[in-house]
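>>> Predicted model and sequence follow; I will ask about them next.
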Amino acid sequence: MAPSKLRKAIGAVKDRTSISLAKVTHSNYSADLDVAILKATRHEEYPADERYIREITAMTLCSRSHVSSCVNAVSKRLNKTNNWTVALKTLMLIQRLLSEGDPSYEQEMFYATRRGTVLVLVMFWIMQYMFYFVFEQGTRLLNMSDFRDGTKSGSWDFSAYVRTYALYLDEQLEFRMHDRRRRHGLLGEDDEEEFIMRKRSSPVPTTPVRDMKIYHVFTRAQHLQQLLERFLACRPTGKF
């Protein structure tokens, strides 16, 4: 069997095994959600079936707990794979969920990118002075800086694209959450939850630039420039 056919066969076996395990190790709802995510991010090198993406969006609509379960499943899928096809499809699914899914995806995804952060406080007493050293270690959902696909030769370009695409999504999420934090400062926590509920039922217009303070205008312009640079960097290169 040729190496390319062997890789496809191994990928198909992995997909079937993961789907079978998801069906028997989870409850009915969790199993359905995990199976839909696995099917939307198969190893096969062609676009995901649109019906699975719509199914995932529908199952997590208007339920914060379902959204959290979906984010956890997507994070697990992304962090465990070393196949560029699976990683790219998972990142595309993340983008679709952020743009078409429940508004709470923004906050859940943002928390997931910084989940696992551990703060360690070390105190040294030297000459009657106390020094505090705080070390931060954590993993981010969209941090793909170490991603490498070693399944075949010549996959460097594909791996580089996955890393660049992840950086773009991370910048996009940061931009969205900056606006959310600004609203949170203006509205308060209770009003922020009400804002999310209104956004679920109908789109809420953003504040016009002419009504923004100068500081907010320059901050927004800087974020938009960074986002544009990340987007332009996603242009495929090499033997793509």
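Received, thanks.

>>> buried stuff in the longest helix along the chain?
In the chain, taking DSSP state H as the definition, the longest helix is helix 156-187. By neighbour count with 16 or more other C-beta atoms under 10 Å, helix 156-187 contains the buried residues 158-177, 180, 183. (C-beta placed from N, C-alpha, C; glycine too.)

>>> What helices and strands are in contact with it?
Helix 156-187 sits against helix 84-100, helix 105-113, helix 189-201, helix 214-233, with contacts defined as 3 or more C-beta pairs under 8 Å, 6 or more residues apart in numbering; DSSP states H and E.

>>> With mean neighbour count and distance to residue 33 added, can I get those in JSON lines?
Below are those laid out as JSON lines (neighbours: other C-beta atoms under 10 Å; distance: least, C-beta to C-beta, whole Å):
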{"stretch": "helix 84-100", "mean neighbour count": "20", "distance to residue 33": "12"}
{"stretch": "helix 105-113", "mean neighbour count": "21", "distance to residue 33": "14"}
{"stretch": "helix 189-201", "mean neighbour count": "12", "distance to residue 33": "19"}
{"stretch": "helix 214-233", "mean neighbour count": "13", "distance to residue 33": "29"}
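
>>> so which of the ones you listed comes closest to residue 30?
Comparison of these against residue 30 by C-beta to C-beta identifies helix 105-113 as nearest, at 16.0 Å.

>>> Just the CA coordinates for stretch 94-114, please, in CSV.
The C-alpha trace of stretch 94-114 is given here as CSV (Å, rounded to 0.1, in the frame of the first residue of the first chain):
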residue,chain,number,x,y,z
ILE,A,94,-14.1,27.7,15.9
GLN,A,95,-14.4,30.6,13.5
ARG,A,96,-17.9,29.5,12.4
LEU,A,97,-19.0,29.1,16.1
LEU,A,98,-17.8,32.6,16.9
SER,A,99,-19.5,34.2,14.0
GLU,A,100,-22.8,32.1,13.8
GLY,A,101,-23.1,30.4,17.2
ASP,A,102,-24.5,31.6,20.5
PRO,A,103,-23.0,35.0,21.7
SER,A,104,-21.6,33.3,24.8
TYR,A,105,-19.1,31.5,22.6
GLU,A,106,-16.9,34.6,22.7
GLN,A,107,-16.5,34.5,26.5
GLU,A,108,-16.2,30.7,26.7
MET,A,109,-13.5,30.7,24.0
PHE,A,110,-11.7,33.5,25.6
TYR,A,111,-11.6,31.7,29.0
ALA,A,112,-10.5,28.5,27.2
THR,A,113,-7.5,30.3,25.7
ARG,A,114,-6.3,31.1,29.2
